[in-house]
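>>> Make a model of this:
(4 chains)
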There are 2 protein chains.
Amino acid sequence: MSVQERKERERARRHRLIVATARELAESQGWDAVTTRRLAERIEYSQPVLYSHFRGKREIVGAVALEGFAELAAAMRAAVGGGTGAGPGDGPGPGPGDDSGAGQGAGPGGRDRARVAALAQAYIDFAGRNPALYDAMFLLDSGLAFADEATPPPLREGFQALLDTLTGVSGDAEPGLFTEVFWSCLHGLVTLTRAGRLPPGDASRRLDLLVDRFTRA
Amino acid sequence: MSVQERKERERARRHRLIVATARELAESQGWDAVTTRRLAERIEYSQPVLYSHFRGKREIVGAVALEGFAELAAAMRAAVGGGTGAGPGDGPGPGPGDDSGAGQGAGPGGRDRARVAALAQAYIDFAGRNPALYDAMFLLDSGLAFADEATPPPLREGFQALLDTLTGVSGDAEPGLFTEVFWSCLHGLVTLTRAGRLPPGDASRRLDLLVDRFTRA
DNA sequence: CTCGTATGTCTAGCGGTGCTAGAGTTCGGG
DNA sequence: CCCGAACTCTAGCACCGCTAGACATACGAG
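Purely as a prediction, here's the structure:
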(Lines give C-alpha, C1' and ligand atoms only; values in the text may rest on other atoms or scores of the structure.)
Protein backbone atom coordinates (compact mmCIF):
# COMPACT_ATOMS: atom_id res chain seq x y z
CA MET A 1 0.00 0.00 0.00
CA SER A 2 3.02 2.27 0.49
CA VAL A 3 3.47 2.66 -3.20
CA GLN A 4 0.00 4.11 -3.58
CA GLU A 5 0.65 6.52 -0.77
CA ARG A 6 3.86 7.65 -2.36
CA LYS A 7 2.08 8.28 -5.64
CA GLU A 8 -0.60 10.20 -3.89
CA ARG A 9 2.01 12.30 -2.13
CA GLU A 10 3.75 13.06 -5.39
CA ARG A 11 0.46 13.92 -6.94
CA ALA A 12 -0.38 16.33 -4.16
CA ARG A 13 3.07 17.81 -4.48
CA ARG A 14 2.53 18.39 -8.18
CA HIS A 15 -0.85 19.85 -7.43
CA ARG A 16 0.73 22.45 -5.19
CA LEU A 17 3.43 23.04 -7.76
CA ILE A 18 0.84 23.92 -10.37
CA VAL A 19 -0.93 26.39 -8.12
CA ALA A 20 2.30 27.98 -6.96
CA THR A 21 3.61 28.27 -10.50
CA ALA A 22 0.39 29.78 -11.75
CA ARG A 23 0.53 32.31 -8.96
CA GLU A 24 4.16 33.23 -9.57
CA LEU A 25 3.62 33.53 -13.29
CA ALA A 26 0.56 35.70 -12.77
CA GLU A 27 2.29 37.90 -10.24
CA SER A 28 5.34 38.40 -12.40
CA GLN A 29 3.77 38.73 -15.85
CA GLY A 30 0.05 39.11 -15.31
CA TRP A 31 -2.75 36.60 -15.74
CA ASP A 32 -2.73 37.02 -19.50
CA ALA A 33 0.62 35.28 -19.48
CA VAL A 34 -0.77 32.34 -17.56
CA THR A 35 -1.64 29.98 -20.37
CA THR A 36 -1.93 26.25 -20.09
CA ARG A 37 1.03 25.83 -22.39
CA ARG A 38 3.34 28.12 -20.46
CA LEU A 39 2.18 26.67 -17.20
CA ALA A 40 2.83 23.15 -18.44
CA GLU A 41 6.28 24.11 -19.63
CA ARG A 42 7.14 25.69 -16.28
CA ILE A 43 6.17 22.62 -14.29
CA GLU A 44 7.92 20.47 -16.89
CA TYR A 45 4.90 18.43 -17.86
CA SER A 46 2.59 18.53 -20.84
CA GLN A 47 -0.70 20.38 -20.80
CA PRO A 48 -2.94 17.33 -20.30
CA VAL A 49 -1.56 16.71 -16.82
CA LEU A 50 -3.05 20.02 -15.78
CA TYR A 51 -6.44 18.63 -16.66
CA SER A 52 -5.87 15.60 -14.49
CA HIS A 53 -5.63 17.95 -11.53
CA PHE A 54 -8.10 20.66 -12.48
CA ARG A 55 -11.21 20.70 -14.57
CA GLY A 56 -9.87 23.65 -16.50
CA LYS A 57 -8.03 26.91 -16.27
CA ARG A 58 -10.81 28.49 -14.25
CA GLU A 59 -10.31 25.95 -11.51
CA ILE A 60 -6.61 26.74 -11.37
CA VAL A 61 -7.44 30.40 -10.93
CA GLY A 62 -9.88 29.35 -8.23
CA ALA A 63 -7.19 27.44 -6.38
CA VAL A 64 -4.92 30.48 -6.42
CA ALA A 65 -7.81 32.67 -5.29
CA LEU A 66 -8.46 30.36 -2.38
CA GLU A 67 -4.90 30.79 -1.20
CA GLY A 68 -5.47 34.50 -1.47
CA PHE A 69 -8.53 34.48 0.71
CA ALA A 70 -6.76 32.55 3.41
CA GLU A 71 -3.83 34.98 3.36
CA LEU A 72 -6.07 38.01 3.30
CA ALA A 73 -8.00 36.75 6.30
CA ALA A 74 -4.75 36.11 8.15
CA ALA A 75 -3.42 39.55 7.26
CA MET A 76 -6.54 41.24 8.56
CA ARG A 77 -6.52 39.19 11.74
CA ALA A 78 -2.92 40.11 12.31
CA ALA A 79 -3.59 43.79 11.69
CA VAL A 80 -6.32 44.13 14.30
CA GLY A 81 -4.56 41.87 16.72
CA GLY A 82 -6.36 39.52 19.06
CA GLY A 83 -7.72 42.65 20.68
CA THR A 84 -11.14 43.86 21.69
CA GLY A 85 -13.33 42.42 18.99
CA ALA A 86 -14.84 38.98 19.13
CA GLY A 87 -11.86 36.71 18.74
CA PRO A 88 -11.76 33.87 16.27
CA GLY A 89 -12.62 30.43 17.53
CA ASP A 90 -14.20 31.43 20.81
CA GLY A 91 -17.63 30.52 19.61
CA PRO A 92 -19.64 30.37 16.42
CA GLY A 93 -19.18 34.09 15.89
CA PRO A 94 -20.70 37.11 17.54
CA GLY A 95 -24.42 37.29 17.54
CA PRO A 96 -25.69 40.72 16.54
CA GLY A 97 -25.77 42.93 19.55
CA ASP A 98 -23.72 40.95 22.03
CA ASP A 99 -21.77 43.90 23.26
CA SER A 100 -24.54 45.92 21.68
CA GLY A 101 -24.49 48.91 19.37
CA ALA A 102 -25.10 52.41 20.64
CA GLY A 103 -21.47 52.52 21.69
CA GLN A 104 -20.89 55.80 19.88
CA GLY A 105 -19.71 57.49 23.01
CA ALA A 106 -16.53 59.54 22.94
CA GLY A 107 -14.51 57.17 25.08
CA PRO A 108 -13.49 54.05 23.16
CA GLY A 109 -14.32 55.66 19.79
CA GLY A 110 -10.67 56.46 19.14
CA ARG A 111 -9.59 52.93 19.76
CA ASP A 112 -12.29 51.61 17.44
CA ARG A 113 -11.25 54.02 14.75
CA ALA A 114 -7.66 52.88 15.01
CA ARG A 115 -8.64 49.25 14.68
CA VAL A 116 -10.85 49.90 11.67
CA ALA A 117 -8.10 51.96 10.10
CA ALA A 118 -5.62 49.16 10.66
CA LEU A 119 -8.04 46.68 9.16
CA ALA A 120 -8.64 48.80 6.10
CA GLN A 121 -4.94 49.47 5.71
CA ALA A 122 -4.23 45.76 5.88
CA TYR A 123 -6.78 45.13 3.16
CA ILE A 124 -5.40 47.80 0.87
CA ASP A 125 -1.83 46.71 1.55
CA PHE A 126 -2.68 43.13 0.74
CA ALA A 127 -4.19 44.14 -2.57
CA GLY A 128 -1.21 46.30 -3.37
CA ARG A 129 1.27 43.62 -2.42
CA ASN A 130 -0.43 40.86 -4.43
CA PRO A 131 -2.20 42.47 -7.37
CA ALA A 132 -2.49 39.32 -9.43
CA LEU A 133 -3.70 37.38 -6.43
CA TYR A 134 -6.34 40.00 -5.81
CA ASP A 135 -7.41 39.75 -9.44
CA ALA A 136 -7.84 36.02 -9.09
CA MET A 137 -9.98 36.58 -6.03
CA PHE A 138 -12.26 39.27 -7.38
CA LEU A 139 -11.71 40.27 -10.97
CA LEU A 140 -11.30 36.97 -12.75
CA ASP A 141 -13.89 34.29 -13.05
CA SER A 142 -12.69 31.69 -10.59
CA GLY A 143 -15.98 29.86 -10.34
CA LEU A 144 -16.02 30.17 -6.55
CA ALA A 145 -19.37 30.42 -4.82
CA PHE A 146 -19.81 33.31 -2.43
CA ALA A 147 -22.84 34.13 -0.39
CA ASP A 148 -23.99 30.58 -0.61
CA GLU A 149 -23.93 27.35 1.34
CA ALA A 150 -21.17 26.13 -0.95
CA THR A 151 -18.88 29.01 -0.02
CA PRO A 152 -15.45 27.58 0.85
CA PRO A 153 -14.22 28.11 4.43
CA PRO A 154 -11.41 30.57 3.60
CA LEU A 155 -13.93 32.97 2.09
CA ARG A 156 -16.18 32.76 5.12
CA GLU A 157 -13.13 33.27 7.31
CA GLY A 158 -12.19 36.44 5.44
CA PHE A 159 -15.63 37.90 5.82
CA GLN A 160 -15.67 36.87 9.45
CA ALA A 161 -12.41 38.69 10.08
CA LEU A 162 -13.99 41.86 8.77
CA LEU A 163 -17.20 41.25 10.65
CA ASP A 164 -15.51 40.68 13.98
CA THR A 165 -13.79 44.02 13.91
CA LEU A 166 -16.62 46.00 12.39
CA THR A 167 -19.39 44.71 14.62
CA GLY A 168 -18.26 47.06 17.34
CA VAL A 169 -18.58 50.17 15.20
CA SER A 170 -21.64 49.32 13.17
CA GLY A 171 -23.79 51.45 15.43
CA ASP A 172 -27.47 50.92 14.89
CA ALA A 173 -26.91 49.18 11.55
CA GLU A 174 -26.97 45.44 11.14
CA PRO A 175 -23.31 44.33 11.43
CA GLY A 176 -23.52 42.00 8.45
CA LEU A 177 -24.86 44.69 6.20
CA PHE A 178 -22.41 47.20 7.60
CA THR A 179 -19.55 44.86 6.86
CA GLU A 180 -20.71 44.19 3.33
CA VAL A 181 -20.85 47.87 2.57
CA PHE A 182 -17.50 48.66 4.13
CA TRP A 183 -15.93 45.77 2.28
CA SER A 184 -17.46 47.03 -0.96
CA CYS A 185 -15.93 50.43 -0.38
CA LEU A 186 -12.50 48.95 0.19
CA HIS A 187 -12.88 46.84 -2.90
CA GLY A 188 -14.00 49.80 -4.98
CA LEU A 189 -11.06 51.84 -3.76
CA VAL A 190 -8.64 49.07 -4.64
CA THR A 191 -10.19 48.40 -8.02
CA LEU A 192 -10.36 51.98 -9.22
CA THR A 193 -6.91 52.80 -7.92
CA ARG A 194 -5.36 49.77 -9.56
CA ALA A 195 -7.09 50.53 -12.86
CA GLY A 196 -5.63 54.02 -12.87
CA ARG A 197 -9.06 55.54 -12.33
CA LEU A 198 -7.95 57.44 -9.26
CA PRO A 199 -4.81 59.55 -8.82
CA PRO A 200 -2.42 57.21 -7.05
CA GLY A 201 -0.92 59.82 -4.79
CA ASP A 202 -3.86 60.45 -2.49
CA ALA A 203 -4.54 56.81 -1.66
CA SER A 204 -3.96 57.19 2.06
CA ARG A 205 -6.04 60.36 2.27
CA ARG A 206 -8.92 58.55 0.60
CA LEU A 207 -8.61 55.71 3.04
CA ASP A 208 -8.64 58.14 5.92
CA LEU A 209 -11.79 59.74 4.64
CA LEU A 210 -13.47 56.38 4.25
CA VAL A 211 -12.57 55.22 7.73
CA ASP A 212 -13.82 58.53 9.09
CA ARG A 213 -17.18 58.04 7.47
CA PHE A 214 -17.60 54.60 8.91
CA THR A 215 -16.40 55.23 12.43
CA ARG A 216 -18.03 58.50 13.38
CA ALA A 217 -21.50 58.19 14.96
CA MET B 1 -15.68 66.84 -53.85
CA SER B 2 -19.14 65.62 -52.90
CA VAL B 3 -18.12 62.08 -53.53
CA GLN B 4 -15.46 62.27 -50.88
CA GLU B 5 -17.94 63.67 -48.42
CA ARG B 6 -20.33 60.87 -49.17
CA LYS B 7 -17.63 58.31 -48.56
CA GLU B 8 -16.72 59.94 -45.33
CA ARG B 9 -20.35 59.90 -44.25
CA GLU B 10 -20.67 56.24 -45.07
CA ARG B 11 -17.49 55.57 -43.20
CA ALA B 12 -18.75 57.38 -40.14
CA ARG B 13 -22.01 55.48 -40.43
CA ARG B 14 -20.16 52.20 -40.52
CA HIS B 15 -18.08 53.33 -37.57
CA ARG B 16 -21.21 53.85 -35.51
CA LEU B 17 -22.59 50.57 -36.76
CA ILE B 18 -19.57 48.72 -35.44
CA VAL B 19 -19.82 50.30 -32.01
CA ALA B 20 -23.56 49.76 -31.78
CA THR B 21 -23.26 46.17 -32.90
CA ALA B 22 -20.49 45.45 -30.43
CA ARG B 23 -22.59 46.92 -27.67
CA GLU B 24 -25.72 44.97 -28.60
CA LEU B 25 -23.78 41.76 -28.91
CA ALA B 26 -22.10 42.32 -25.57
CA GLU B 27 -25.34 43.21 -23.85
CA SER B 28 -27.16 40.20 -25.20
CA GLN B 29 -24.49 37.53 -25.01
CA GLY B 30 -21.68 38.99 -22.94
CA TRP B 31 -18.33 40.38 -23.98
CA ASP B 32 -16.88 36.92 -24.47
CA ALA B 33 -19.18 36.57 -27.43
CA VAL B 34 -17.86 39.77 -28.98
CA THR B 35 -15.17 38.43 -31.27
CA THR B 36 -13.85 40.15 -34.33
CA ARG B 37 -15.28 37.41 -36.52
CA ARG B 38 -18.78 37.57 -35.11
CA LEU B 39 -18.69 41.33 -35.13
CA ALA B 40 -17.59 41.34 -38.75
CA GLU B 41 -20.32 38.93 -39.71
CA ARG B 42 -22.97 41.01 -37.98
CA ILE B 43 -22.00 44.19 -39.77
CA GLU B 44 -21.67 42.18 -42.98
CA TYR B 45 -18.06 43.01 -43.63
CA SER B 46 -14.86 41.05 -43.21
CA GLN B 47 -12.69 41.35 -40.11
CA PRO B 48 -10.04 43.59 -41.65
CA VAL B 49 -12.46 46.49 -42.06
CA LEU B 50 -12.71 46.61 -38.29
CA TYR B 51 -9.03 47.38 -38.21
CA SER B 52 -9.47 50.25 -40.63
CA HIS B 53 -11.69 51.88 -38.02
CA PHE B 54 -10.06 50.75 -34.79
CA ARG B 55 -6.55 49.84 -33.84
CA GLY B 56 -7.82 46.66 -32.28
CA LYS B 57 -10.53 45.10 -30.21
CA ARG B 58 -9.52 47.10 -27.17
CA GLU B 59 -10.30 50.32 -29.01
CA ILE B 60 -13.75 49.04 -29.92
CA VAL B 61 -14.41 48.32 -26.27
CA GLY B 62 -13.14 51.80 -25.54
CA ALA B 63 -15.61 53.33 -27.97
CA VAL B 64 -18.48 51.49 -26.33
CA ALA B 65 -17.22 52.54 -22.92
CA LEU B 66 -17.17 56.15 -24.02
CA GLU B 67 -20.84 55.95 -24.94
CA GLY B 68 -21.42 54.51 -21.52
CA PHE B 69 -19.74 57.36 -19.71
CA ALA B 70 -21.79 59.90 -21.59
CA GLU B 71 -25.01 58.07 -20.76
CA LEU B 72 -24.04 57.57 -17.14
CA ALA B 73 -23.29 61.25 -16.75
CA ALA B 74 -26.63 62.13 -18.33
CA ALA B 75 -28.47 59.67 -16.09
CA MET B 76 -26.91 61.13 -12.97
CA ARG B 77 -27.65 64.69 -14.08
CA ALA B 78 -31.23 63.74 -14.70
CA ALA B 79 -31.55 62.04 -11.34
CA VAL B 80 -30.46 65.03 -9.27
CA GLY B 81 -32.30 67.46 -11.49
CA GLY B 82 -31.02 70.93 -12.28
CA GLY B 83 -31.58 71.63 -8.59
CA THR B 84 -29.45 73.08 -5.87
CA GLY B 85 -26.00 71.89 -6.81
CA ALA B 86 -23.72 73.76 -9.13
CA GLY B 87 -25.35 73.34 -12.51
CA PRO B 88 -23.48 72.20 -15.57
CA GLY B 89 -22.20 74.80 -17.92
CA ASP B 90 -22.49 77.78 -15.61
CA GLY B 91 -18.79 78.09 -15.22
CA PRO B 92 -15.71 75.90 -15.16
CA GLY B 93 -17.07 74.04 -12.16
CA PRO B 94 -17.35 74.86 -8.52
CA GLY B 95 -14.21 75.79 -6.75
CA PRO B 96 -13.74 74.01 -3.45
CA GLY B 97 -15.56 75.82 -0.75
CA ASP B 98 -17.76 78.14 -2.77
CA ASP B 99 -20.85 77.58 -0.67
CA SER B 100 -18.47 76.34 1.94
CA GLY B 101 -18.45 73.19 4.04
CA ALA B 102 -19.49 73.17 7.67
CA GLY B 103 -23.09 73.04 6.49
CA GLN B 104 -23.89 70.04 8.62
CA GLY B 105 -26.83 71.77 10.24
CA ALA B 106 -30.09 69.94 10.57
CA GLY B 107 -32.00 72.14 8.13
CA PRO B 108 -31.17 71.26 4.51
CA GLY B 109 -29.59 67.97 5.49
CA GLY B 110 -32.67 66.01 4.47
CA ARG B 111 -32.76 67.54 1.04
CA ASP B 112 -29.07 66.84 0.55
CA ARG B 113 -29.57 63.27 1.61
CA ALA B 114 -32.37 62.83 -0.89
CA ARG B 115 -30.26 64.19 -3.70
CA VAL B 116 -27.30 61.99 -2.85
CA ALA B 117 -29.60 59.01 -2.57
CA ALA B 118 -31.07 59.77 -5.98
CA LEU B 119 -27.60 60.11 -7.43
CA ALA B 120 -26.45 56.82 -5.98
CA GLN B 121 -29.62 55.10 -7.07
CA ALA B 122 -29.15 56.41 -10.60
CA TYR B 123 -25.62 55.04 -10.64
CA ILE B 124 -26.64 51.61 -9.39
CA ASP B 125 -29.61 51.52 -11.75
CA PHE B 126 -27.43 52.41 -14.68
CA ALA B 127 -25.05 49.59 -13.87
CA GLY B 128 -27.93 47.17 -13.46
CA ARG B 129 -29.59 48.24 -16.66
CA ASN B 130 -26.41 48.01 -18.77
CA PRO B 131 -24.16 45.37 -17.25
CA ALA B 132 -22.05 44.82 -20.34
CA LEU B 133 -21.70 48.53 -20.84
CA TYR B 134 -20.55 48.92 -17.26
CA ASP B 135 -18.03 46.16 -17.81
CA ALA B 136 -16.63 47.97 -20.80
CA MET B 137 -16.29 51.11 -18.72
CA PHE B 138 -14.65 49.61 -15.66
CA LEU B 139 -13.90 45.94 -15.81
CA LEU B 140 -12.46 45.46 -19.26
CA ASP B 141 -9.27 46.97 -20.52
CA SER B 142 -10.50 49.74 -22.77
CA GLY B 143 -7.25 51.62 -22.89
CA LEU B 144 -8.91 54.86 -21.80
CA ALA B 145 -6.91 57.31 -19.77
CA PHE B 146 -8.49 58.49 -16.55
CA ALA B 147 -7.05 60.90 -14.07
CA ASP B 148 -4.85 62.37 -16.73
CA GLU B 149 -4.71 65.25 -19.15
CA ALA B 150 -5.70 62.86 -21.93
CA THR B 151 -8.94 61.91 -20.20
CA PRO B 152 -11.77 62.15 -22.74
CA PRO B 153 -14.51 64.72 -22.02
CA PRO B 154 -17.30 62.21 -21.26
CA LEU B 155 -15.27 60.79 -18.40
CA ARG B 156 -14.62 64.21 -16.97
CA GLU B 157 -18.29 65.01 -17.34
CA GLY B 158 -19.28 61.90 -15.42
CA PHE B 159 -16.99 62.76 -12.55
CA GLN B 160 -18.19 66.34 -12.65
CA ALA B 161 -21.80 65.21 -12.32
CA LEU B 162 -20.89 63.39 -9.15
CA LEU B 163 -18.79 66.24 -7.89
CA ASP B 164 -21.47 68.87 -8.40
CA THR B 165 -23.93 67.03 -6.23
CA LEU B 166 -21.50 65.84 -3.60
CA THR B 167 -19.70 69.13 -3.06
CA GLY B 168 -22.57 70.29 -0.89
CA VAL B 169 -22.34 67.37 1.50
CA SER B 170 -18.62 66.84 1.64
CA GLY B 171 -18.44 68.69 4.95
CA ASP B 172 -14.91 69.56 5.94
CA ALA B 173 -13.41 67.09 3.44
CA GLU B 174 -12.02 68.14 0.11
CA PRO B 175 -14.89 67.67 -2.38
CA GLY B 176 -12.72 66.01 -4.99
CA LEU B 177 -11.46 63.44 -2.55
CA PHE B 178 -14.91 62.98 -1.10
CA THR B 179 -16.30 62.32 -4.55
CA GLU B 180 -13.59 59.84 -5.40
CA VAL B 181 -14.29 57.84 -2.29
CA PHE B 182 -18.04 57.87 -2.70
CA TRP B 183 -17.69 56.84 -6.30
CA SER B 184 -15.40 54.01 -5.25
CA CYS B 185 -17.99 52.79 -2.81
CA LEU B 186 -20.69 52.77 -5.46
CA HIS B 187 -18.38 50.96 -7.82
CA GLY B 188 -17.47 48.41 -5.19
CA LEU B 189 -21.10 47.80 -4.40
CA VAL B 190 -21.92 47.30 -8.07
CA THR B 191 -18.96 45.07 -8.72
CA LEU B 192 -19.40 42.75 -5.77
CA THR B 193 -23.13 42.52 -6.26
CA ARG B 194 -22.80 41.72 -9.93
CA ALA B 195 -20.16 39.09 -9.25
CA GLY B 196 -22.46 37.33 -6.83
CA ARG B 197 -20.24 38.28 -3.90
CA LEU B 198 -23.10 39.93 -2.03
CA PRO B 199 -26.60 38.57 -1.44
CA PRO B 200 -28.66 40.25 -4.13
CA GLY B 201 -31.71 40.80 -1.99
CA ASP B 202 -30.40 43.51 0.33
CA ALA B 203 -29.07 45.78 -2.38
CA SER B 204 -31.29 48.72 -1.50
CA ARG B 205 -30.58 48.39 2.22
CA ARG B 206 -26.86 48.47 1.50
CA LEU B 207 -27.30 51.57 -0.60
CA ASP B 208 -29.26 53.21 2.19
CA LEU B 209 -26.53 52.46 4.65
CA LEU B 210 -23.89 53.89 2.34
CA VAL B 211 -25.80 57.09 1.71
CA ASP B 212 -26.35 57.43 5.43
CA ARG B 213 -22.66 57.22 6.10
CA PHE B 214 -21.86 59.90 3.57
CA THR B 215 -24.58 62.39 4.39
CA ARG B 216 -24.61 62.49 8.19
CA ALA B 217 -22.23 64.90 9.90
C1' DC C 1 11.50 -13.79 -13.32
C1' DT C 2 7.95 -13.04 -16.68
C1' DC C 3 3.97 -11.36 -18.37
C1' DG C 4 -0.63 -8.99 -18.74
C1' DT C 5 -2.68 -5.09 -17.22
C1' DA C 6 -3.56 -0.79 -15.47
C1' DT C 7 -2.06 3.60 -14.71
C1' DG C 8 -0.12 7.56 -16.29
C1' DT C 9 1.98 10.73 -19.77
C1' DC C 10 2.73 12.63 -24.20
C1' DT C 11 2.02 13.73 -29.16
C1' DA C 12 -1.02 15.57 -32.17
C1' DG C 13 -4.90 17.96 -33.28
C1' DC C 14 -9.66 20.41 -32.88
C1' DG C 15 -12.04 24.68 -33.18
C1' DG C 16 -11.51 29.12 -31.68
C1' DT C 17 -9.05 33.81 -30.83
C1' DG C 18 -6.86 38.65 -32.34
C1' DC C 19 -4.61 40.38 -36.05
C1' DT C 20 -2.26 41.15 -40.86
C1' DA C 21 -0.14 40.60 -45.62
C1' DG C 22 -1.13 40.61 -50.12
C1' DA C 23 -4.35 39.60 -53.89
C1' DG C 24 -8.25 41.21 -56.09
C1' DT C 25 -11.90 44.39 -57.27
C1' DT C 26 -14.29 48.51 -57.72
C1' DC C 27 -14.80 53.10 -58.86
C1' DG C 28 -13.64 58.13 -59.47
C1' DG C 29 -10.86 61.56 -62.20
C1' DG C 30 -8.27 62.83 -66.19
C1' DC D 1 -12.39 55.21 -72.15
C1' DC D 2 -8.86 53.85 -69.43
C1' DC D 3 -5.59 54.28 -65.70
C1' DG D 4 -4.52 54.59 -60.92
C1' DA D 5 -5.81 54.92 -56.36
C1' DA D 6 -8.68 53.48 -52.75
C1' DC D 7 -10.83 49.89 -50.71
C1' DT D 8 -12.29 45.08 -49.45
C1' DC D 9 -11.65 40.27 -49.12
C1' DT D 10 -9.30 35.72 -48.94
C1' DA D 11 -6.03 33.33 -46.66
C1' DG D 12 -3.04 32.71 -43.16
C1' DC D 13 -0.07 33.56 -38.81
C1' DA D 14 0.73 32.41 -33.95
C1' DC D 15 -1.62 31.60 -30.11
C1' DC D 16 -5.52 30.07 -26.98
C1' DG D 17 -8.23 26.21 -23.97
C1' DC D 18 -9.03 21.64 -24.26
C1' DT D 19 -9.11 16.46 -25.62
C1' DA D 20 -8.62 11.81 -28.08
C1' DG D 21 -5.81 8.24 -28.69
C1' DA D 22 -1.08 6.33 -29.04
C1' DC D 23 2.62 5.18 -26.19
C1' DA D 24 5.44 3.98 -22.21
C1' DT D 25 6.06 2.78 -17.73
C1' DA D 26 5.60 0.30 -13.55
C1' DC D 27 2.79 -2.68 -10.77
C1' DG D 28 0.84 -7.28 -9.03
C1' DA D 29 -0.14 -12.22 -10.06
C1' DG D 30 1.53 -16.58 -11.23
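>>> Just the element for the closest residue to residue A:19 other than its chain neighbours, please.
Residue nearest to residue A:19 in three dimensions, not counting chain neighbours: residue A:63, with 4.7 Å by Cβ to Cβ, 6 or more residues apart in numbering or on different chains. From N, CA and C alone the C-beta is placed, and that goes for glycine too. Per DSSP states H and E: residue A:63 is located in helix A:57-80.
>>> so does the following helix or strand past that helix get close to chain B?
Going down the chain from helix A:57-80, the next helix or strand is helix A:109-129, by DSSP H and E. No: Helix A:109-129 lies out of reach of chain B by Cβ under 8 Å from any Cβ of the partner chain, never closer than 11.4 Å.
>>> Helix A:109-129 vs helix A:57-80, what angle?
Using axes from the mean of the first three to the mean of the last three Cα atoms, to 10 degrees, the direction of helix A:109-129 lies 150 degrees away from that of helix A:57-80.
>>> low-scoring stretches of chain A, by residue?
By pLDDT under 70, the weakly predicted segments of chain A are A:1-3, A:82-109, A:217.
>>> Show me which residues of chain A sit near DNA strand D.
Residues of chain A found near DNA strand D (Cβ under 7 Å from any atom of the strand) are A:3-4, A:34-38, A:47-48, A:51, A:56-58.
>>> so which residue of chain A comes closest to chain B?
When distances are taken as Cβ to the nearest Cβ, chain A reaches nearest to chain B at residue A:188, 2.7 Å away.
>>> which residues does that residue contact?
Counting by Cβ atoms under 8 Å, 6 or more residues apart in numbering or on different chains, residue A:188 touches B:183, B:184, B:185, B:186, B:187, B:188, B:189, B:191.
>>> Just the ones in helices from those, please.
Residues of the contacts of residue A:188 located in helices (DSSP state H): B:183, B:184, B:185, B:186, B:187, B:188, B:189, B:191.
>>> what about the residue nearest to the fifth one when sequence neighbours are not counted, distance to residue A:213?
In space, not counting the residues next to it along the chain, residue B:187 is nearest to residue A:188; the distance is 4.2 Å by Cβ to Cβ, 6+ apart. Noted for residue A:188: a distance of 13 Å to residue A:213, by Cβ to Cβ, to the nearest Å.
>>> Show me which positions of the helix holding residue A:63 end up buried.
Of all the residues in helix A:57-80, those buried under the rule 16 or more other Cβ atoms under 10 Å in any protein chain shown are A:57, A:59-77, A:79-80.
>>> which strands and helices sit next to it?
helix A:2-29, helix A:109-129, helix A:131-134, helix A:153-166 (3 or more Cβ pairs under 8 Å, 6 or more residues apart in numbering or on different chains; DSSP states H and E).
>>> could you redo the last one with a cut-off of 6 Å?
The contact analysis (3 or more Cβ pairs under 6 Å, 6 or more residues apart in numbering or on different chains; DSSP states H and E) places helix A:57-80 against helix A:2-29, helix A:109-129, helix A:153-166.
>>> Could you export those helices to TSV, including columns for mean neighbour count?
Formatted as TSV, the helices and strands packed on helix A:57-80 follow (neighbours: other Cβ atoms under 10 Å in any protein chain shown):
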stretch	mean neighbour count
helix A:2-29	14
helix A:109-129	18
helix A:153-166	21
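>>> So which of these is nearest residue A:43?
For residue A:43, the closest of these is helix A:2-29, at 5.4 Å, according to Cβ to Cβ.
>>> Mind giving me the packing neighbours of the following helix or strand past the closest one?
As assigned by DSSP H and E, the chain's next helix or strand after helix A:2-29 is helix A:36-43. Helices and strands touching helix A:36-43, as assessed by 3+ Cβ pairs under 6 Å, 6+ apart, comprise helix A:2-29, helix A:47-53.
>>> from the chain's centre, how far out does helix A:36-43 sit?
26 Å (Cα atoms, centre = their mean, to the nearest Å).
>>> Identify whichever of the helices and strands packed on helix A:57-80 lies nearest to DNA strand C.
helix A:2-29 (5.4 Å; Cβ to the nearest atom of the strand).
>>> before we move on, the earlier item: would you mind giving the helices and strands packed on helix A:36-43 as JSON lines with distance to residue B:139 added?
Output for those, formatted as JSON lines (distance: least, Cβ to Cβ, whole Å):
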{"stretch": "helix A:2-29", "distance to residue B:139": "18"}
{"stretch": "helix A:47-53", "distance to residue B:139": "26"}
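>>> of all those, which lies closest to residue B:138?
Closest among the helices and strands packed on helix A:36-43, once you apply Cβ to Cβ, is helix A:2-29, at 20.8 Å.
>>> and that closest one, how far out from the chain's middle?
Centroid separation for helix A:2-29 versus its chain: 22 Å, with Cα atoms, centre = their mean.
>>> Next, the angle helix A:57-80 makes with it.
80 degrees.
>>> what about helix A:2-29, near DNA strand C?
Yes: Helix A:2-29 reaches DNA strand C (Cβ under 7 Å from any atom of the strand) through A:7, A:11.
>>> tilt between that helix and helix A:36-43?
On the basis of the same axes, to 10 degrees, helix A:2-29 is oriented at 120 degrees to helix A:36-43.
>>> So which elements touch helix A:2-29?
Using 3+ Cβ pairs under 6 Å, 6+ apart, helix A:2-29 sits against helix A:36-43, helix A:57-80.
>>> Near DNA strand C, which residues of chain A are found?
Residues of chain A lying near DNA strand C (Cβ under 7 Å from any atom of the strand): A:7, A:11, A:45, A:46, A:47, A:48, A:49, A:52.
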